[in-house]
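Q: just a sequence and a predicted model for now, questions to come.
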Amino acid sequence: GRLASRDLDGIAQYIADHARQVVVLCGAGISTSAGIPDFRSPGTGLYHNLQRFALPEAEAIFDLTYFQKHPDAFYELCREMWPGN
């Protein structure tokens, strides 16, 4: 299938007709309007609120090596952020 047009309507129609799964990549800031906290705001940012996990640094929550040794922090964060919680 080809795009009927190279505008939003054409892309939306192509997705509706041909796609089974869609992945969207976006930049920082788009999540805050959906209620997901930003990462770095003092007092309210996600990294500020990870202190209870006693991480070596806030970014460790998303580090694969750290996760492999200490997965509980990541899973707890996921439970808290899961829609409906």
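A: Received, thanks.

Q: spatially central, which residue of this protein would that be?
A: In the chain, the C-alpha nearest the mean C-alpha coordinate belongs to residue 31, at 7.3 Å (Cα atoms, centre = their mean).

Q: so what's residue 76 up against?
A: residue 53 (Cβ atoms under 8 Å, 6 or more residues apart in numbering). The C-beta positions use only the backbone N, C-alpha and C, and glycine is treated the same way.

Q: over to residue 55?
A: Counting by Cβ under 8 Å, 6+ apart, residue 55 has contacts 61, 66, 73.

Q: and the pLDDT at the last one?
A: Residue-level confidence at residue 73 comes out at 94, pLDDT.

Q: so who does the closest residue to it other than its chain neighbours touch?
A: Nearest residue to residue 73, sequence neighbours excluded (Cβ to Cβ, 6 or more residues apart in numbering): residue 53, at 4.1 Å. Going by Cβ under 8 Å, 6+ apart, residue 53 touches 61, 73, 76, 77.
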